[in-house]
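Participant: Need coordinates for the below:
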Amino acid sequence: MWALRSVLLLFMLAVLISFLTMLRGRHVLVAPATRVPSPTLLLLQQQGRGAQAVISRAPVPEVMESSSTAPDMSWRRALPEHARQLASWFDAPRTVEEMLVEVPKGGTVWLTLANYAFRDLAVNWAAHVYKLRKERSAAIAALDHKFLSTLVAERLPCLDFVQPLLQRASEDLRSNVTGFRRFGATKASLVLAFLTRDREVLLSDVDVVWISDPMPSIRPLLGA
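Facilitator: Purely as a prediction, here's the structure:
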């Protein structure tokens with residue numbers, strides 16, 4: 001029995017030595033790090049090449065800002081030239097009253113709500129609103145102070161809808177029952193602020209991408 005154990009031990013030792021020898025003969029190659037463009041930048045670039053480009057080809061990445069603290073403005077360079085030249089940028093949060101001046105009675109207000117956890121999706125939503133030149137009729141309702149500051153730094157149209165119960169900026173609201181209910185109530189109050197002033201509201205989740213203005217298709221259905 002002892003002899004059998006010795007033979008097995010020697011066999012396992014030989015296998016281990018062979019494996020280590022094989023590893024020493026190999027070289028590990030590390031690919032150089034590449035900067036990955038944001039989904040917003042990619043999608044805007046693809047749409048600029050036609051509707052089919054969204055699913056057919058990946059664009060050539062652009063150089064991104066090197067600062068990790070500065071807002072990522074690279075998506076603006078992917079906007080159509082006319083949209084970039086005529087775009088309106090905002091240095092402070094908007095108010096409901098200011099938007100009522102911008103949007104006449106019977107006009108449409110474009111809205112979405114989010115907290116800091118969904119900031120990338122919010123910028124993506126805004127980028128496509130800018131592409132359609134609807135930014136003066138649009139706003140992102142910010143639910144926490146950190147997200148509100150981010151939107152102001154990006155000079156994007158936003159509303160101060162900060163809620164005490166929704167202040168955990170990194171939290172996915174769907175995982176908090178109380179917070180999600182408060183989120184629903186906040187959304188309803190925001191919509192009513194415009195509906196009661198004779199404005200139409202196009203409210204969408206923050207992960208929606210508007211490729212074109214849907215209102216010409218929706219308005220005939222409202223009178224049906």
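
Participant: Which helix or strand contains Asp213?
Facilitator: Using DSSP states H and E, Asp213 falls within no helix or strand.

Participant: how far away is the closest residue to it other than its chain neighbours from Val123?
Facilitator: In this structure, Asp213 finds its nearest non-sequential neighbour in Leu132, 5.8 Å apart by C-beta to C-beta, 6 or more residues apart in numbering. No exception for glycine: its C-beta is placed from N, CA and C like everyone else's. From Leu132 across to Val123, the span is 15 Å (C-beta to C-beta, to the nearest Å).

Participant: Same check on Ile140?
Facilitator: From Ile140 to Val123 the distance is 9 Å (C-beta to C-beta).

Participant: More neighbours: those two, which one.
Facilitator: Using other C-beta atoms under 10 Å as the criterion, Ile140 and Val123 rank with Ile140 on top: 29 against 23.

Participant: Could you name every residue contacting both of Ile140 and Val123?
Facilitator: Shared contacts of Ile140 and Val123, defined by C-beta atoms under 8 Å, 6 or more residues apart in numbering, comprise Leu156.

Participant: so where do the helices sit in this structure?
Facilitator: Assigned by DSSP state H, the chain shows helices spanning 2-24, 39-47, 53-56, 74-77, 81-86, 96-102, 119-131, 145-154, 177-195, 215-222.

Participant: among these, which gets the worst mean confidence?
Facilitator: Mean pLDDT values for these show the minimum at helix 53-56, a mean of 30.

Participant: Could I get the contacting residues of Leu143?
Facilitator: Counted by C-beta under 8 Å, 6+ apart, Leu143 has contacts 113-115, 161-163, 166, 173, 183, 186.

Participant: now, which of those sits nearest Asp144?
Facilitator: Asn115 (4.9 Å; C-beta to C-beta).

Participant: The contacts of Leu143 in strands, which ones?
Facilitator: Among the contacts of Leu143, the ones falling in strands (DSSP state E) are 113-114.

Participant: May I see the PyMOL selection of the buried members of the contacts of Leu143?
Facilitator: This is how PyMOL selects the buried members of the contacts of Leu143, with burial counted by 16 or more other C-beta atoms under 10 Å:
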select buried, resi 113+114+115+161+162+163+166+173+183+186
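
Participant: ok, of the contacts of Leu143, which one's closest to Ile218?
Facilitator: Among those, and counting by C-beta to C-beta, the member closest to Ile218 is Leu113, at 20.1 Å.

Participant: Tell me, how many residues neighbour the closest residue to Leu195 other than its chain neighbours?
Facilitator: Leaving aside its sequence neighbours, Leu195 sits nearest to Val201 (C-beta to C-beta, 6+ apart; 6.0 Å). If you count neighbours by other C-beta under 10 Å, Val201 ends up with 15.

Participant: beta partners for Ala138?
Facilitator: On the basis of DSSP bridges, Ala138 is bridged to Trp110.

Participant: right, and it touches Val103 too?
Facilitator: No: in this structure, Ala138 is not within contact of Val103 by C-beta atoms under 8 Å, at 9.5 Å.

Participant: hey, what's in contact with both of those two?
Facilitator: Contacts common to Ala138 and Val103, judged by C-beta under 8 Å, 6+ apart, are Val109.

Participant: neighbour count winner among these two?
Facilitator: When Ala138 and Val103 are compared for neighbours, Ala138 comes out ahead with 25 against 20, by other C-beta under 10 Å.

Participant: got the contact list for that one?
Facilitator: Contacts of Ala138 by C-beta under 8 Å, 6+ apart are 109-111, 126, 129, 157.

Participant: how does it look with 10 Å?
Facilitator: By C-beta atoms under 10 Å, 6 or more residues apart in numbering, the contact list for Ala138 reads 94, 99, 102-103, 108-112, 125-126, 129-130, 132, 156-158, 202, 210.

Participant: Alright, calling it a day.
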